[in-house]
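> Predicted model follows, preceded by the sequence.
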Amino acid sequence: MADKLHPIIKLAGREFADGNLDRREFLRVATLLGVAAPVAFGMAGLPTPARAQGTPKKGGTVRLGSRVQDLKSPHTYSWVEGANAARQSLDYLTYTGIDNVTRPNLVEKWEASPDLKSWTLRLRKDVTWRKDNRKLTADDVAWNIRRVLDAKTGSSVVGLLKGFILDEFETGDKDDKGVAKKSTRLWDASAIEKVDDFTVRLNGKTANLGIPEALFHYPFMIMDPLENGEFKVGSNGTGAFEMVELDVGKRAKFVARKNGHWGGGAHLDNFEIIDLGDDPAAQVAALVSKQVDMIYQGAITTYSTIERIPHLQINMVDTAYTAVARVHSIKPFDDKRVRQALRHATDPEAVLKVAYRGLGKRGEHHHVAPTHPEYADVGYMKQDIAKAKALLAAAGYPNGIDAEIVCRPQPDWELLAVQAMVEQWKEAGIRVKISVMPSTQYWNVWTKVPFGFTTWAHRPLGTMVLSLAYRTGGAWNEANWSNAEFDKMITEAEGYLDVEKRRAVMAKLENLMLEEGPIVLPLWRSVFNYTDKKIKGYKIHPSVYIEAKDMWIDA
Amino acid sequence: MLRYTARQFLNMAVTLLVVSFLVFALNELTPIDVARKLLGPYATQDQVDILTKQMGLDRSLLARYREYLANALSGNFGESILYRRPVAQILWDRLGNTLVLAGICFAVIVPFSVLLGVIAGMRERSFIDRAISVFSSVCASIPEFALGVFLLAIFVVELGILPGISPLSTSGGWPIWSQFVLPAAVVTLYDGGYLISMIRASMVEVMRQPFIRTATLKGMPFRDVVVKHALRNALITPFTVILLQLNYLVSGLVVVEMVFAYPGFGRMMLEAALNKDIALIEAGTLCAVSVTMLTQILGDYGYMALDPRIRV
């Protein structure tokens, strides 16, 4: 540790030594602030996680069953399946592992300024582009960052980094309702600064601890500027594979790069993705007849079949993946007692069992998961029909209420969960009609329907989720929820590095959600997929990111 | 005859024009924002607006339809937003796959169901009639997806002698021909079961006619009675139904295509509709309508050949 340490790390180290900071959180902060992961593991007194499962063998093909979508524009990917294809050829600046710790990738090392506004990214000097063996330079990286932050590109990175580095401005146009249209641009001309040939600095307007994690957001792949933002067969990349075939809706094929890859290259010769459609039965059939070696994600309906098939293995990981039944504050849900009644009428354990075979954890009606470091245990809310009825009566609905919930038919557990809850609510006199809408349609209206069941992805920190989904005016605040006290406390929580301090605020936030909140959160689900036992070197990532270069085959 | 054919084709052209406009207009009602769909739920409204403008989706319905029609008439059916490739490429590929499957199924279903239907119908209430009737009603009453899963359980999971999916590529280690077996079996059993009942009913009807009794009573061998007198008459009614199967086999195989991950026309249309991929929906619909109308014309000529009383 000859390098100068960031002041926060010293502080964090002290808190860690005092026992206030748990190991995992210390690791996360230390690595985020630029201490190389192995060093940070050493500082936290943990062994570096072992990756090997025996000695990797060279050669062979792995075939992944997953949707094969259009891959033309990596920076605007909106689904993980597309990113799982392109990531074989393109690399990210950082890499967040299955343990939620973010490590260097194309960036060898990063440093944050004491105020966390300015981030210096130092690139590895041994990274070359496959086609022409050119070195990856600061110019290449700056071009990519500029491109994803340009509103015209359409990348979801904008939503992630808007507060850090972009300014909103009015375009001068007005929409149909006469509201001025807004767009975004870099807040300052020097926001993306090239320091030297291998160093880029991001100069933000606000402090942000999550920059390294944002650099691993799945559309944030580093492309060759000469490809003009397009990814196709033969496209240049720094990754371990080259895409040699793409037939959208059918198949994509990758072969291992021959000339040196900075990470040591792939063990496999080939990696293929085969489109099996959306039918879970086809996934099982393909695995059983060995037409694919793994599938992207397992469905709850196929779990028990796969358990019985000897050559297959189920990989599972605990996550903060969930779905919430959330209401807008309009009649009858404008009364907080009705919202409370909805929670009291729900039996989360039963929903978990019915809808997700018990593979996960029961929900506690606030959006902070036990896997989040700052999770505070404020107790499990048992189903209490009498109390729900009393609350409804007190709110002026002695005969119960009628409502309609909108949800998606796929994945199957979502509909099952809604059906289970609707049955439970019925007992308390909350009569809810289910309106099923295909996913593609649901995503057009997810923030607009008065009562909906929306899936939420895993995020490493509880504060990230609460800030995204429940802060007044938040980009993804689907419940249109607004509570001044909540807003104040979430900002306070984000300001504490000390997990215990954050947990204390979190307990208040969670209780506030139980009292006032707009959601019923029945379960935290584990994520799982199936692989052939011959595949080694693979562990399931909480976001189901798939890296073929780490896999090898033991036949 | 020539005039009749010409009129039919004119009729077809007008229908296609009307359908193309209706599909375009109805598609507007689908509550999907194409730009939002492409950029995903997490893009900002501003980004969506920019893409909407780039794709020209902010123009009026008529302006877009006029442009589409002009292009279509010159043979350019546009680009699919789902596959980001010219519609013609996708359409011919998927339609080709479906036609192969449909062809195999049709070639098996017709002789198979005519044979069984006639055998069952020529001796009403005999043992063989009962056996065939039970078989056909069981086949026709199990839904396609259930039938698919049953066959999968037997031939893929238990016996392991057939591939579970049919992506029509050899990278799975199974030859292409083997990938047709299960999808074709499901369609043949399901659709064949229905046709057998149809043909049997028609055959029973004919066998009760006075001229059959006459032929039998004058001492004609039973075999000749069936082949020379009954068969042709018994096939007139089912003939239309048989031809209608062509429509079903082209655009109705979506369930089988989903279960077996078969890259066909029905699955393509389903995905196009779910993604509001108007260029693909239009081209696909026009294809399906053309197939329907062509089989109708074919049906008319078939009738004339089978039934001398009908003339145009």
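Now that the structure is in, tell me what you want to look at.
> Kindly list the longest helix within chain A.
helix A:499-516 (DSSP state H).
> Give me the next element, helix or strand, following that one.
In the C-terminal direction, the helix or strand that comes right after helix A:499-516 (DSSP states H and E) is strand A:519-520.
> Could you check how far that next one is from the centre of its chain?
20 Å (C-alpha atoms, centre = their mean, to the nearest Å).
> Tell me the helices and strands packed up against that strand.
When contacts are defined as 3 or more C-beta pairs under 8 Å, 6 or more residues apart in numbering or on different chains; DSSP states H and E, strand A:519-520 sits against strand A:312-327. (C-beta placed from N, C-alpha, C; glycine too.)
> residues of the strand it packs on that come out buried?
Of the residues in strand A:312-327, A:312-313, A:315, A:317-327 count as buried by neighbour count, 16 or more other C-beta atoms under 10 Å in any protein chain shown.
> returning to what we had before: tell me what the longest helix of chain A is packed against?
helix A:336-344, helix A:462-470, helix A:484-495.
> any idea of the pLDDT on the residue of the stretch 301-450 of chain A at minimum distance from chain B?
The nearest approach of the stretch 301-450 of chain A to chain B comes at A:Trp443, 4.4 Å away (C-beta to the nearest C-beta). Looking at A:Trp443, its pLDDT stands at 78.
> Tell me the helices and strands packed up against the helix or strand where A:Ala386 lies.
When elements are defined using DSSP H and E, A:Ala386 is found to belong to helix A:385-394. Taking 3+ C-beta pairs under 8 Å, 6+ apart as contact, the helices and strands that helix A:385-394 lies on are helix A:336-344.
> secondary structure class for A:Val406?
In terms of secondary structure, A:Val406 is strand; the call rests on DSSP: H, G, I helix; E, B strand; the rest coil.
> partner residues bridging it?
Applying DSSP bridges to A:Val406 gives these bridge partners: A:Ser435, A:Gly452.
> B:Arg64 is in contact with B:Met55, isn't it?
No: contact between B:Arg64 and B:Met55 fails when scored by C-beta atoms under 8 Å: they sit 10.1 Å apart.
> picking that back up, pull the distance from the longest helix of chain A to the chain's centre.
Centroid separation for helix A:499-516 versus its chain: 22 Å, with C-alpha atoms, centre = their mean.
> Nearest residue to A:His75 in space, ignoring adjacent ones along the chain?
Sequence neighbours aside, A:Ser155 is the residue nearest to A:His75 in space, at 4.5 Å (criterion: C-beta to C-beta, 6 or more residues apart in numbering or on different chains).
> Might you report the residue contacts of that neighbour?
The neighbours of A:Ser155, taking C-beta atoms under 8 Å, 6 or more residues apart in numbering or on different chains as the test, are A:75-76, A:147-149, A:219-220, B:43, B:47.
> Double-check that it belongs to a strand.
No: A:Ser155 is assigned coil when assessed by three-state DSSP, not a strand.
> quick one, phi psi at it?
The main-chain torsion angles of A:Ser155 are listed as degrees, to the nearest 10 and equal phi -90, psi 150.
> That one and A:Ser235, how far apart?
Using C-beta to C-beta, to the nearest Å, one gets 18 Å for the distance from A:Ser155 to A:Ser235.
> same check, this time on A:Lys290
Using C-beta to C-beta, one gets 30 Å for the distance from A:Lys290 to A:Ser235.
> now swap in A:Asn511 and tell me
Applying C-beta to C-beta to A:Asn511 and A:Ser235 gives a distance of 51 Å.
> Also A:Leu468?
Computed as C-beta to C-beta, the A:Leu468 to A:Ser235 distance reads 32 Å.
> Give me the more crowded residue out of those two.
Each of A:Leu468 and A:Ser235 has its neighbours counted (other C-beta atoms under 10 Å in any protein chain shown); A:Ser235 has more, 22 against 18.
> For the closest residue to that one other than its chain neighbours, grab the count of nearby residues.
What sits nearest to A:Ser235 in space, not counting adjacent residues and going by C-beta to C-beta, 6+ apart, is A:Glu227, at 5.4 Å. Applying other C-beta under 10 Å, we find 17 residues neighbouring A:Glu227.
> do the same with the one 10 residues further on
A:Gly237 has 27 neighbouring residues, counting by other C-beta under 10 Å.
> The residue lying closest to it once chain neighbours are set aside - how many residues pack around it?
Nearest non-adjacent residue to A:Gly237, counting by C-beta to C-beta, 6+ apart: A:Ser89, 3.9 Å away. Neighbour count for A:Ser89, taken as other C-beta under 10 Å: 24.
> now the chain, which segments are flagged as low pLDDT?
Chain wasn't specified; assuming chain A. Within chain A, the ranges that satisfy pLDDT under 70 run A:1-5, A:7-53, A:474-475, A:495, A:497-498.
> actually chain B
Regions of chain B meeting the criterion pLDDT under 70 cover residues B:31, B:41-42, B:311-312.
> Do a quick rundown of the helices in it.
B:2-29, B:34-39, B:45-54, B:61-73, B:87-122, B:127-141, B:144-151, B:176-207, B:210-217, B:222-224, B:231-251, B:254-259, B:265-274, B:278-306.
> got the ones you listed as TSV, with distance to chain A and mean neighbour count columns?
Compiled in TSV, these are given as follows (distance: least, C-beta to the nearest C-beta, whole Å; neighbours: other C-beta atoms under 10 Å in any protein chain shown):
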stretch	distance to chain A	mean neighbour count
helix B:2-29	12	13
helix B:34-39	5	21
helix B:45-54	4	18
helix B:61-73	16	13
helix B:87-122	8	20
helix B:127-141	20	15
helix B:144-151	6	18
helix B:176-207	9	21
helix B:210-217	48	13
helix B:222-224	45	11
helix B:231-251	17	18
helix B:254-259	5	24
helix B:265-274	5	22
helix B:278-306	11	18
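> could you dump those helices to TSV with distance to A:Ala138?
Rendered in TSV, the data for the helices of chain B read as follows (distance: least, C-beta to C-beta, whole Å):
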stretch	distance to A:Ala138
helix B:2-29	47
helix B:34-39	28
helix B:45-54	27
helix B:61-73	44
helix B:87-122	40
helix B:127-141	67
helix B:144-151	55
helix B:176-207	50
helix B:210-217	92
helix B:222-224	89
helix B:231-251	55
helix B:254-259	48
helix B:265-274	42
helix B:278-306	42
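> returning to what we had before: in the longest helix of chain A, what's buried?
Neighbour-count burial for helix A:499-516 flags A:499-503, A:505-510, A:512-514 (criterion: 16+ other C-beta under 10 Å).
> Out of the residues you listed, which is nearest to A:Val406?
Closest to A:Val406 out of the buried residues of helix A:499-516 is A:Met513 (21.8 Å), distances taken as C-beta to C-beta.
> Just the CA atoms of stretch A:454-465, as PDB, please.
Below are the C-alpha coordinates for stretch A:454-465, written out as PDB (Å, rounded to 0.1, in the frame of the first residue of the first chain):
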ATOM      1  CA  THR A 454     -43.800  -4.300 -11.400                       C
ATOM      2  CA  THR A 455     -40.600  -6.400 -11.400                       C
ATOM      3  CA  TRP A 456     -37.400  -4.700  -9.900                       C
ATOM      4  CA  ALA A 457     -33.900  -5.600 -10.700                       C
ATOM      5  CA  HIS A 458     -31.200  -6.400  -8.100                       C
ATOM      6  CA  ARG A 459     -29.100  -3.400  -7.100                       C
ATOM      7  CA  PRO A 460     -26.100  -3.700  -4.700                       C
ATOM      8  CA  LEU A 461     -27.300  -0.900  -2.200                       C
ATOM      9  CA  GLY A 462     -30.700  -0.300  -0.600                       C
ATOM     10  CA  THR A 463     -30.200   3.500  -0.900                       C
ATOM     11  CA  MET A 464     -29.800   3.100  -4.700                       C
ATOM     12  CA  VAL A 465     -33.200   1.400  -4.900                       C
END
